[in-house]
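Asker: Sharing a model prediction with you, sequence too.
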Amino acid sequence: MSAVNALSRSEIDLAQNESYPTDAVLQPPVLQPYVDSARYAKCVEVSKRIRWDIDRDVIRNREFDFTKKFLPDGLSFVDRLSFLSAAECRLLSQIQGRSYANIFGLVERFIGAKVLEVSRDHSLGDQIALEALVRFTDEELKHQELFRRIETMIGAEMPGGYTFDLRPDEVASFVLTKSTWAVLALTCLIELFTQAHYRASIEPDSELSPLFKEVFLFHWKEESQHAILDELEWVRENAKISSQARDVAVDDLIALVRAIDGILQAQAAADTRYFIRLCNQPKTPVETESVMKTVLAAYRFQYIVSGVQIPRFRAMLNAMITPAQALRVSEALAPIMD
């Protein structure tokens, strides 16, 4: 067995040491329009060393263990639903885990497209930066394949009736109509909460399906470098645009977050309906509504709130925008954060 397959404690510790410091209060970044070759080079070096293969390193001829939860309670919020049985809590965590993976596959479609686009800025310039972003794009394509495989594997074992009707290309086409500044801001948010989810909730939970847990270990390893590259490119873009363009970009970011929230609302409703149909014991209208509200709260936490709460993201954003723009963002987020 290869070293990466062994998933030793020392390897996990090493990956954590190299991951993005999402939980530290850092000084706001210095905004400058140059290429920090050393940081790009470090991402290339780590990318080469930790690179993994879906079949050889992640799946390894295994199946998901449906006797265990997929998502930890800290992400699924199933522990808030005291009227559910242990089996129902486990089922709801598995349904949420399925959607968690599918939504990652969805957002990585536009992330890969945007990173490929911004890499052109380096095509005739710093070749180390170009290599780092090309590797980033290649890894995002691999992650999309991984999440498609997960959906196929889980779908083969779970009862029929689950729906995920969003089309990645359509969502990506909408996102990519917005300014590069806004898309990079959203991308940075996503890559940062990926780190936070694994380190704070998934890695410490010994009761999860081993394969599901390891999918997100390997995903996290590569995303830790992507978060660094997101910041570098977001800072570069911010230094290039005018104050007027940035003001428009802030509105674009708000529109993107609202669009993500719309996706989460739709999927929370679909997953609740699916879960209620699968429950052995009928649920009252009040209980069904409670499940719906809890699932939506969990999805909002997973894909918006947990990222906004990261000190690094707040420091980055606030260093780039005016107090008035920050107030617009805060007001737009208020209904989601409640």
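Answerer: That came through, no problem.
Asker: check contacts around Arg62.
Answerer: By C-beta atoms under 8 Å, 6 or more residues apart in numbering, the residues touching Arg62 are Pro210, Leu211. C-betas here are computed from N, CA, C, even on glycine.
Asker: State whether it is indeed within a strand.
Answerer: No. Under DSSP: H, G, I helix; E, B strand; the rest coil, Arg62 falls outside any strand and is assigned coil.
Asker: what about it, distance to Arg148?
Answerer: 17 Å (C-beta to C-beta, to the nearest Å).
Asker: same check, this time on Glu233
Answerer: From Glu233 to Arg148 the distance is 26 Å (C-beta to C-beta).
Asker: what about the two, which has more around it?
Answerer: Remark: of Glu233 and Arg148, Glu233 carries more neighbours, 25 against 14, as counted by other C-beta atoms under 10 Å.
Asker: ok, that one touching Leu184?
Answerer: Yes. The criterion here is C-beta atoms under 8 Å, and Glu233 meets it with Leu184 at 5.7 Å.
Asker: what's the helix or strand where Arg277 lies packed up against?
Answerer: For Arg277, the element it lies in under DSSP states H and E is helix 243-278. For helix 243-278, the elements it packs on are helix 86-119, helix 168-175, helix 180-197, helix 285-300, helix 323-337, judged by 3 or more C-beta pairs under 8 Å, 6 or more residues apart in numbering; DSSP states H and E.
Asker: just those helices: most buried one?
Answerer: helix 180-197 (a mean of 25; mean count of other C-beta atoms under 10 Å).
Asker: Beyond it, next helix or strand please.
Answerer: Following helix 180-197 in sequence order, the next helix or strand is helix 210-240 (DSSP H and E).
Asker: what angle do that following helix and helix 243-278 make?
Answerer: With axes from the mean of the first three to the mean of the last three C-alpha atoms, to 10 degrees applied, the angle from helix 210-240 to helix 243-278 works out at 160 degrees.
Asker: What residues of helix 210-240 count as buried?
Answerer: Residues of helix 210-240 classed as buried: 211-238 (neighbour count, 16 or more other C-beta atoms under 10 Å).
Asker: Mind giving me the packing neighbours of that helix?
Answerer: In this structure, helix 210-240 makes packing contacts with helix 9-18, helix 37-50, helix 86-119, helix 127-157, helix 180-197, helix 311-320, judged by 3+ C-beta pairs under 8 Å, 6+ apart.
Asker: For the longest one, what is the distance to the chain centroid?
Answerer: Centroid separation for helix 86-119 versus its chain: 7 Å, with C-alpha atoms, centre = their mean, to the nearest Å.
Asker: so where's the stretch 51-200 of the chain uncertain?
Answerer: Along the stretch 51-200 of the chain, no part satisfies pLDDT under 70.
Asker: Correct me if wrong: Lys69 contacts Ile95.
Answerer: No. Counting by C-beta under 8 Å, Lys69 stays clear of Ile95, with 10.8 Å between them.
Asker: List the residues that are in contact with both of these two.
Answerer: Counting by C-beta under 8 Å, 6+ apart, nothing touches both Lys69 and Ile95.
Asker: Output the helices and strands packed on helix 243-278 as TSV; include the columns distance to Thr152.
Answerer: Converted to TSV, the helices and strands packed on helix 243-278 look like this (distance: least, C-beta to C-beta, whole Å):
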stretch	distance to Thr152
helix 86-119	11
helix 168-175	15
helix 180-197	22
helix 285-300	22
helix 323-337	32
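Asker: how about those, which one is nearest Gly160?
Answerer: With C-beta to C-beta as the criterion, Gly160 lies closest to helix 86-119 of these, at 13.0 Å.
Asker: The closest one - contacts with which helices or strands?
Answerer: helix 73-76, helix 127-157, helix 168-175, helix 180-197, helix 210-240, helix 243-278, helix 285-300.
Asker: For the fifth one, give the mean pLDDT please.
Answerer: Read it as helix 210-240. When pLDDT is averaged over helix 210-240, the result is 94.
Asker: now the angle from it to helix 37-50?
Answerer: Orientation check (the same axes, to 10 degrees): helix 210-240 against helix 37-50 gives 160 degrees.
Asker: can you check the second one too?
Answerer: Following the same axes, to 10 degrees, one obtains 40 degrees for the angle between helix 127-157 and helix 37-50.
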